[in-house]
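# here's my sequence, what's the structure:
(6 chains)
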Number of protein chains: 6
Amino acid sequence: MFQVQDWTFLECDKKWEDAEVILYGAPFDGTTSYRPGARFGSQAIRNESYGIESYSPYQDRDLMDMLVRDIGDLSLPFGETKPVLATIKDYVKEIVDSGKIPFMLGGEHLVSLAAFQEVHRAYPDVAVIHLDAHADLRDHYMGVKLSHACVMRRCWELVGDGNIYQFGIRSGEREEFAWAAEGHVFMNRFNFNHLDEVLRKLSNRPVYLTVDLDVLDPSIFPGTGTPEPNGVSFDELRTVVTKVCSAMQIVGCDVNELSPPYDSTGASTIVACTIVREMLLAMKQADKWV
Amino acid sequence: MFQVQDWTFLECDKKWEDAEVILYGAPFDGTTSYRPGARFGSQAIRNESYGIESYSPYQDRDLMDMLVRDIGDLSLPFGETKPVLATIKDYVKEIVDSGKIPFMLGGEHLVSLAAFQEVHRAYPDVAVIHLDAHADLRDHYMGVKLSHACVMRRCWELVGDGNIYQFGIRSGEREEFAWAAEGHVFMNRFNFNHLDEVLRKLSNRPVYLTVDLDVLDPSIFPGTGTPEPNGVSFDELRTVVTKVCSAMQIVGCDVNELSPPYDSTGASTIVACTIVREMLLAMKQADKWV
Amino acid sequence: MFQVQDWTFLECDKKWEDAEVILYGAPFDGTTSYRPGARFGSQAIRNESYGIESYSPYQDRDLMDMLVRDIGDLSLPFGETKPVLATIKDYVKEIVDSGKIPFMLGGEHLVSLAAFQEVHRAYPDVAVIHLDAHADLRDHYMGVKLSHACVMRRCWELVGDGNIYQFGIRSGEREEFAWAAEGHVFMNRFNFNHLDEVLRKLSNRPVYLTVDLDVLDPSIFPGTGTPEPNGVSFDELRTVVTKVCSAMQIVGCDVNELSPPYDSTGASTIVACTIVREMLLAMKQADKWV
Amino acid sequence: MFQVQDWTFLECDKKWEDAEVILYGAPFDGTTSYRPGARFGSQAIRNESYGIESYSPYQDRDLMDMLVRDIGDLSLPFGETKPVLATIKDYVKEIVDSGKIPFMLGGEHLVSLAAFQEVHRAYPDVAVIHLDAHADLRDHYMGVKLSHACVMRRCWELVGDGNIYQFGIRSGEREEFAWAAEGHVFMNRFNFNHLDEVLRKLSNRPVYLTVDLDVLDPSIFPGTGTPEPNGVSFDELRTVVTKVCSAMQIVGCDVNELSPPYDSTGASTIVACTIVREMLLAMKQADKWV
Amino acid sequence: MFQVQDWTFLECDKKWEDAEVILYGAPFDGTTSYRPGARFGSQAIRNESYGIESYSPYQDRDLMDMLVRDIGDLSLPFGETKPVLATIKDYVKEIVDSGKIPFMLGGEHLVSLAAFQEVHRAYPDVAVIHLDAHADLRDHYMGVKLSHACVMRRCWELVGDGNIYQFGIRSGEREEFAWAAEGHVFMNRFNFNHLDEVLRKLSNRPVYLTVDLDVLDPSIFPGTGTPEPNGVSFDELRTVVTKVCSAMQIVGCDVNELSPPYDSTGASTIVACTIVREMLLAMKQADKWV
Amino acid sequence: MFQVQDWTFLECDKKWEDAEVILYGAPFDGTTSYRPGARFGSQAIRNESYGIESYSPYQDRDLMDMLVRDIGDLSLPFGETKPVLATIKDYVKEIVDSGKIPFMLGGEHLVSLAAFQEVHRAYPDVAVIHLDAHADLRDHYMGVKLSHACVMRRCWELVGDGNIYQFGIRSGEREEFAWAAEGHVFMNRFNFNHLDEVLRKLSNRPVYLTVDLDVLDPSIFPGTGTPEPNGVSFDELRTVVTKVCSAMQIVGCDVNELSPPYDSTGASTIVACTIVREMLLAMKQADKWV
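Numbering: from 1, shown residues only, chains lettered A, B, ... in the order given. Below you'll find the predicted structure:
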């Protein structure tokens, strides 16, 4: 009857039954230590996605042809972290158990922990590729263990040494860099230089890709909680996420840390939309693995 | 299965079949002459509505109990006005023919014309109550007849003299004020002083209520295309729309001219949300008339 | 030697030993459910205070003559609420045990709970005067008990029926208004009408005054997490806080919910600074009681 | 040949020879002590004036019929105050000597001094009506005598006791209020209460009207260098300037302290435009005196 | 007599008779499909031009020495596209028939169509060089043929295959890229790689240069209606426009799509000013061709 | 007793006696000719510094280990330039005479003159390394000699030909470039190409380093008074200041021209904080020279 504008991310309105990738939002920023607002990130990405095209000239593909369903934002409280993570876990479990790929829109980076826990349960040999400006390897942040500043340390506690690969890192405490250097995680500072050899190494393993958009330079992505100078360019990130999503067996992923209150021109949101589009278009290689 | 956040205006998620009021957005601002952006108004009202409660202490009612369905935003082009108005007309026809009340979220004020045309077709004796800072009575604006600055003149061409009641008007060309003074429309300048006698006069007639939110003072509602100093207070507008919606037989209505790019603090959007809530809560008296 | 600009709130640089009032900031907004940012409130009040004068023509007094010390912002984590409240409690204990009056700059409203717990310990017969747009009387918010939306309910659990006096309330769930109406708290909706009789009633009791600045209309105070239309004017609030602070025995107080990221013009911050100044100038009547 | 948009303030494009009022801008804010930006005020007023109508329903007059010429903004340096004031003086001399009325758009308030010096030279019995939030009566500001905070003190040095009438004052040092109370100037604090009797008293004298727009409440006029809570409403100011400009022999006037960088919604600029329009429309009574 | 600040673009105040290049603004954005505001672009470029120098160290030339006249902004309505384009055509006809070069400041991109129609009439062998992020090759946009998204398709209808050369294109529908690939236009995606060979090919033909500033990366130019990541750098664009304007016989050109409401820092406007300056300085080679 | 958040720049809270570098702010922008606001720069750098880490992975050093004291902002008036410069000189004299290195946070660029005068007095053979977009070599700016646009000319008057080395310059009047080309100063336009040879040449001399942050591209640093396109990247600037501060004997330095009102996203401020951190970490090589 009525044909109205879609509320989903750009063309991601396929039926649940048909969908291979499930897009969902986790509007939480309760542990953000500097500038909050990432709670509004997933909704902004959805709303503004119609500002770009569904077709990508980079990949010559169109989201109209992809089997993706955006189910919207989860309902999450503020003030206690554990129930938030538990709620996310419940949803991801349902997605994973349906044989679909969970693609989360943050929210702050801590939400990755809940999604990863479920993906790790289903794929115990999963490796993590982590793109970020910050190491996120602290044991605790002012006593808080469930903090965005500790999320990779918490993931490490699940997978152990040698299973987390970090790229773009350029901020952290001295201790985080030292701990990484002890071999607990692979840390490629400042850029993506050693990505190709990591991809070759992981070629037979399922991969969880977590993208903290502040890996980008603040000139291209100022709308985030903890902007850190000297980041990668849009094209570097676009190339890398396309390569990872098309070359690897992605079993879960997330894009996080867009903070719309600090995106005064809206350009950061459009950048986030484009990265999500490119990842979705590249991931559809997934059907090859099955 | 999945319980995610609603995308509709606050609790306006009842089934079409059950709904007595249909909320819909008309994201158009193609004739705005000063500051465009009202195209984003309806979506902002929807998105930010969860910032207020569904319960009103003014009326002791809750939107959870109301039979309202928000069907979302219509898909409208830019560059030609006629197809936009035609699309709106088609939707409103379907709503009106279903015996439901159309409640439009603008967009700029011209969209009222299309909705009113259909309501007038169904209720030929309908009167218009128009709350606005601007007279909107020009015959044309730089040669353009379908302009936000002419919308009440176009409505007058449908209903003739004595059927349009304007309140709060404080801006226009000299000719507009003169034309109104000739008796074509009733114009209550600056405030709502003669509202009660107008309501008594219209007590047996169906009423279309069109609210241009710039009737409010720019201090409370800066986020609009043509802010005009010396407007009414929030409480004056709240009281009036509640009175009109509860006392009169509303057969159609709209709230328009929120322009989010100029609402830098978000307060204008929250004001718009609250006015819409109060109107919806008051209108539900509608079932009494049938 | 070096004479540089002061970092404290306007002239509040007296020695700890001499100070009768201790100003301190609680930069926390971890349970904010809508728009975060109140964590930056106390620092903004301090920074921008030099935009107003230390002299008040309303009271013909000057902060230069007052015995107030601003000790700065507490160091608080994000992600867990309990340690935050515990830290605040520790500080307030030290202030109260020194016979001084704690004056907290929020932060979100939940921080009042910690301060009030200590004040209540020291003054078990303390009454609460609460100025706010929101009732804050929920038992829990999406399962979370330590939430800004529940702060007065938590205070009520300490003091029981009849000891909390709310003014300006115009938002909440139906249940909150019903619960108040059962007599648990005194709730003066929308305005300050019955303030004088409440002050008479409390004339022999110590009073804790908690001011959620969103009691103001969003036109004068848009820079807050949950703006709610139809608030009081600046002069109404100024008059009331002056009256309460000068007429009553204030044993603790707070001013909260300024959210600088939403104060795009800076006017909300200046309003907050002026309210704090007027309270400090009025409170110095305190020495009369002893 | 080419008919393009006018660059002047709304319809103020009459020939110099015919003009009775000369509008000119003084883009200077070099002594602003808090938030600079008033240098952009005059240009913003000019640019945005087409957002309002040239017709006023308050006065039933239209700027199209008025004999006003906007000559644009003066070219002024920054860093030294004296040459700036000298440049303004030169222009005002030329205007005054041509028998026209100088109407200055600031800029910060210090620019009034230069204009007033020339007007005082031509009309030695001129009185000053000063609308402002701030007393501007300091002898010096951190040692600087030519400061916006001292402008009325400098004017007083020209005219002596009893010739300056201040309204709306609500901010200053204790010393400024005390000095005024000694009878040097007439100071009506907070509002316009005694305006009518002052106008009667000055009925036979030429008047210079200086309007610091921060006399308005920050809710209606946040876009200014030193916003001060508790100001007058738009309608109070509009009524007063209309009354002064129509009832008195205005021999010079200015409107100042719009600071566009702090007018994030543009509403302050529109308010300024409307006040200027109403003053210009009321002033044209001037021809009656001659 | 009075020497006031100029209202034209930086030093572009030469007499019409002497001018070889005529600068004019087309403040229209009626078909913008995403974020409107380009209507304010030309005025912002003019106003802010004094933020840069008239001298260019890149070309060692100064606008003071150039024969350019800025005639201001055309008066254009909103709501109907055809009269807007007709008005622009009339002006451009007059400029072209006077033997001068029309240089238009947009406005949205559709305005280029009207200017190009007149230039094409006068120079039937004219070729188009088009710098843009978007292909603008749609046959229609939601049924609208006169849309910014179709402007190059409309131009193609005038000149036919092989006469339009696009650079920087990185967004469009699949169909647009396919249509270009059929040979209707030359499309250089993402960058300016093949510019030199195109310039050689066109060396004997008059050229119309149309610059949609969103060809720039959003990091350097966020203030535009449809920002698209992965654009060219400022220096790449500066080098290219300088080369085209100095090496080719420019018979008309335009710079468009600056949208000031989305240029929160003002940097986009300064970038636009600088590109316009460099083009004007390079074009003055024009006299060599005659 | 109370442990509250520090008000100094990141960990720069060492005792005066122990400190080798003294950080101080000069909140002045009285000669800014375009967009004022740099007066708020030093305080913003201080406030926001906790948004980055004190540890640098570039240098593997931590500010916790450095002997730096931030003494806060000087108290400076507006309206007269000379007393401002005199006040700065007094402070710098005290720092220099204590054998410490003065590190100034601007403020606009003119403040460098006062600091340099004192440093030059103590180290008569000092050379200046000047990183900037603008030449700042005018003899006067509209008659004003003490202007940010003339600051390097004023320094040259102290040191004479061949002692000032400018890098990154891309804006100025034709005369400034010509004057530099006469050999008065060394000017490396657009970039840092000849830095290494300059450093070699100056290897035996004390150096004053003055960094106008607008040397950066406006994409990375829009929050400044006169943004100029085509600047250097963050990494280029970071590398250069690190090299200069570690390789040369720095006897004084400054970082200026952050204008927070134009830094809508906050990213410019974070960039400034990081540059200051890297300079401080590199400078501690200073103890080697003694």
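
# quick one, helices of chain A?
Ranges of helices within chain A are A:41-48, A:81-97, A:111-122, A:151-159, A:174-181, A:195-201, A:234-247, A:267-283, based on DSSP state H.

# of all those helices, which lies closest to chain C?
helix A:81-97 (5.4 Å; CB to the nearest CB). In short, each C-beta sits where N, CA and C put it, glycine included.

# chain center to that closest one, what's the gap?
Remark: helix A:81-97 is offset 16 Å from the chain centroid, using CA atoms, centre = their mean, to the nearest Å.

# now stretch A:153-173
On CA atoms, centre = their mean, the centre of stretch A:153-173 falls 14 Å from that of its chain.

# swap in stretch A:259-272?
The mean C-alpha position of stretch A:259-272 is separated from the chain mean by 16 Å, CA atoms, centre = their mean.

# that stretch vs chain E: in contact?
Yes. Stretch A:259-272 reaches chain E (CB under 8 Å from any CB of the partner chain) through A:264-267, A:270-271.

# and which of those residues is nearest to residue B:88?
Nearest to residue B:88, judged by CB to CB, of these is residue A:266 at 27.0 Å.

# need the pLDDT of the spatially closest residue to that closest one that is not a sequence neighbour.
Nearest residue to residue A:266, sequence neighbours excluded (CB to CB, 6 or more residues apart in numbering or on different chains): residue E:262, at 6.3 Å. If you check residue E:262, the pLDDT there is 97.

# right, and residue E:262 touches residue A:265 too?
Yes. Counting by CB atoms under 8 Å, residue E:262 touches residue A:265, with 5.3 Å between them.

# common neighbours of the two, please.
Common neighbours of residue E:262 and residue A:265 are listed as E:222-223, E:227 (criterion: CB atoms under 8 Å, 6 or more residues apart in numbering or on different chains).

# ok, back up a step: including mean neighbour count, could the helices of chain A go into TSV?
Converted to TSV, the helices of chain A look like this (neighbours: other CB atoms under 10 Å in any protein chain shown):
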stretch	mean neighbour count
helix A:41-48	25
helix A:81-97	19
helix A:111-122	24
helix A:151-159	21
helix A:174-181	17
helix A:195-201	14
helix A:234-247	20
helix A:267-283	26
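
# for residue B:80, which of those helices is the nearest?
For residue B:80, the closest of the helices of chain A is helix A:41-48, at 24.6 Å, according to CB to CB.

# next up, the contacts around residue A:212.
Residue A:212 neighbours (CB under 8 Å, 6+ apart): A:109, A:130-134, A:136, A:256-257.

# what's the answer for residue A:74, then?
Here residue A:74 is in contact with A:24-27, A:87-88, A:91, B:4-5 (CB under 8 Å, 6+ apart).

# from those, which single one is nearest residue E:190?
For the contacts of residue A:74, the closest approach to residue E:190 (CB to CB) belongs to residue A:25, at 30.9 Å.

# quick one: that closest one from residue A:223, how far?
Distance, residue A:25 to residue A:223, using CB to CB, to the nearest Å: 16 Å.

# again, but for residue A:31
Spatial separation of residue A:31 from residue A:223 under the definition CB to CB is 19 Å.

# among the two, which residue is more densely surrounded?
residue A:223 (31 against 25; other CB atoms under 10 Å in any protein chain shown).

# how much space separates the more buried one from residue C:76?
Relative to residue C:76, and taking CB to CB, residue A:223 is found at 25 Å.

# kindly report the same for residue A:131.
Taking CB to CB, one finds residue A:131 at 30 Å from residue C:76.

# those two - which one has more neighbours?
Neighbour count, other CB under 10 Å: between residue A:131 and residue C:76, residue A:131 has more, with 27 against 20.

# wait, that one touches residue A:237, no?
Yes. Counting by CB under 8 Å, residue A:131 does reach residue A:237; the two are 7.1 Å apart.

# now residue A:98: how far from chain B?
Per CB to the nearest CB, to the nearest Å, residue A:98 is found 10 Å from chain B.
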